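# could you work out the structure for the sequence below:
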Amino acid sequence: MRHLLIQFAAATALSALSIATAHAHATLEKAEAAPGGYKAVVRIGHGCDGQPTHTVRVEVPEGYIGVRPQPKAGWSLDIERGDYAHAYKLHGRDVASGVKAVTWAGGPLEDAHYDEFVLSGTLAATAAGQSLFFKTVQTCPEGQVAWDEIPAAGQDPHSLDRPAPGLVVLASNDGHGGGHGHGAAADAAVSAGDLEISSAWARAMLAGQKAAGAYLTIANKGAAADRLVGGSSPAASKVEVHTMEVVNDVMTMRPVEGGLEIPAGGSVELKPGSFHIMFMDVATPFAEGGTVPVTLEFEKAGSVELSLPVRAVPAAAGHGHGHDSGEDKGHSGHN
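Predicted structure coming up:
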């Protein structure tokens with residue numbers, strides 16, 4: 001009986017150790033994603049044999065481009081840049097270099113605590129169907145743990161002692177990502193700090209029109225409000241945040257003074273007949289099926305690059321079609 005109890009205790013201890021080890025691995029919050037905007041959240045769940053972690057370094061895999069790290073209070077940031085294996089298309093431009101690794105130093109993160117280290121970037125369309133690995137090293141006062149093992153073809157990553165956080169890049173399902181490597185980023189949610197931008201598109205223009213609107217939804221998952229203050233685009237001489245309102249049966253359009261507030265924990269939809277992004281003095285009218293590059297400027301989140309698919313005004317807009325026509329007429333005087 002005593003022998004059985006010892007065996008049971010040993011098995012229980014081994015099981016507990018396995019569970020602890022499984023939860024201790026450095027992992028990605030989201031292990032599958034389609035090409036386009038992707039927020040890589042690397043989760044650290046323990047220290048080094050009981051010691052606190054004071055440094056975390058994450059390597060950026062090939063195919064994850066336009067990367068920007070999220071700062072952390074109490075931690076410094078060191079960014080390593082370098083050349084990609086080849087050039088990628090990102091927001092209508094060729095990019096051949098970018099962030100290759102990010103190191104957060106500070107804390108410390110106690111062994112009994114958990115924390116997340118965040119990167120925001122774009123999964124290139126050419127990465128579809130591949131597995132990307134974010135090799136991670138956490139350093140403690142008397143040693144380090146390197147999560148850098150990559151499984152061989154067909155190997156279960158759970159069989160590795162210290163697997164690198166892995167991501168499976170799915171095939172793009174929106175018809176944009178496979179063609180030019182950045183269109184998917186407009187339809188997929190794009191993260192920037194506490195903000196998440198989704199459902200972005202620009203309205204197709206008629207010949208001779210010089211202004212056009214763009215629309216999107218901005219969600220703020222943070223504890224503080226942010227503000228969309230403007231933008232820029234090589235497709236237009238000026239990009240502003242505008243609103244529309246009807247005064248005495250006359251539709252008027254005007255810039256949003258001081259920028260558009262995105263409340264903490266809330267969201268704002270920019271849509272036809274309401275708030276919108278206005279492209280002024282457009283050289284070449286936006287054609288349905290094309291894309292428009294734009295950089296939005298936020299008070300706290302900073303610059304966010306998007307590639308907007310160009311679409312016709314939805315028929316469901318009904319009287320909103322008049323709003324869109326009004327946008328062009330109302331802004332023609334600004335040209």
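# drop to CA atoms for contacts and neighbour counts, all remaining ones
Fine.
# which residues does Val168 contact?
Remark: with contacts taken as C-alpha atoms under 8 Å, 6 or more residues apart in numbering, Val168 is in contact with 31-33, 129-132.
# cross the residues you listed against strands and list the overlap.
By the criterion of DSSP state E, membership of those in strands covers 32-33, 131-132.
# returning to what we had before: in PyMOL, select just the buried ones from the contacts of Val168.
Here the buried members of the contacts of Val168 are turned into a PyMOL selection, burial being counted by 16 or more other C-alpha atoms under 10 Å:
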select buried, resi 33+131+132
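# which one in the contacts of Val168 is the model shakiest on?
Across the contacts of Val168, the member with the lowest pLDDT is Gly129, scoring 70.
# just checking, that residue touches Val169?
Yes - with contacts counted by C-alpha atoms under 8 Å, Gly129 reaches Val169, the gap being 5.4 Å.
# quick one, strands of the stretch 51-200 of the chain?
According to DSSP state E, counting those that start in this stretch, the stretch 51-200 of the chain carries its strands in the segments 53-59, 64-69, 75-90, 93-109, 115-123, 131-133, 136-140, 143-147, 166-169, 190-192, 195-203.
# just the buried residues of the fourth one, please?
The neighbour-count check on strand 93-109 (16+ other C-alpha under 10 Å) flags 95, 97-105, 107-109 as buried.
# would CSV of the residues you listed with distance to Gly50 be doable?
Converted to CSV, these look like this (distance: C-alpha to C-alpha, whole Å):
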residue, distance to Gly50
Val95, 42
Ser97, 38
Gly98, 35
Val99, 31
Lys100, 30
Ala101, 26
Val102, 24
Thr103, 21
Trp104, 20
Ala105, 18
Gly107, 15
Pro108, 13
Leu109, 11
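# nearest to Gly290, out of the residues you listed: which one, please.
Sorting the buried residues of strand 93-109 by how near they are to Gly290, with C-alpha to C-alpha, puts Val95 at the top with 19.8 Å.
# OK, contacts around the closest one?
87-89.
# show me what Pro309 is bridged to.
On the basis of DSSP bridges, Pro309 takes part in beta bridges with Thr291.
# er, Glu245 actually
With DSSP bridges as the criterion, Glu245 is bridged to Thr252.
# what's the answer for Phe298, then?
When bridges are called by DSSP bridges, Phe298 pairs up with Leu228, Gly302.
# how about Leu123?
Note on Leu123: beta-bridge partners by DSSP bridges are Gly36, Tyr64.
# and what of Gly213?
In this entry, Gly213 is beta-bridged to Met278, by DSSP bridges.
# thinking it is in contact with Asp281, fair?
No - with contacts counted by C-alpha under 8 Å, Gly213 stays clear of Asp281, the gap being 11.8 Å.
# and the two? Which one has more around it.
Gly213 (25 against 20; other C-alpha atoms under 10 Å).
# contacting residues around Ala219?
Residues in contact with Ala219 (C-alpha under 8 Å, 6+ apart) are 195-197, 262, 265-268.
# just flag the most distant two among these.
For these, with distances taken as C-alpha to C-alpha, the pair at the greatest spread is Ile197 and Gly265 (13.7 Å).
# compare the two (neighbour count), which wins?
Under the neighbour definition other C-alpha under 10 Å, Ile197 and Gly265 were set side by side, and Ile197 has more, 24 against 14.
# circling back to that earlier point, name the nearest of the ones in strands among the contacts of Val168 relative to Pro69.
When these are compared for distance to Pro69, the smallest value, 17.5 Å, is given by Leu132; criterion: C-alpha to C-alpha.
# Val168 and Ala301, how far apart?
27 Å (C-alpha to C-alpha, to the nearest Å).
# check Ala312 too.
Taking C-alpha to C-alpha as the measure, Ala312 and Ala301 are separated by 30 Å.
# show me which of these two is the more surrounded one.
More crowded of Ala312 and Ala301, by other C-alpha under 10 Å: Ala301, with 17 against 13.
# just the ones in strands among the contacts of Val168 now: which is nearest Ala204?
Nearest to Ala204, judged by C-alpha to C-alpha, of these is Ala33 at 28.9 Å.
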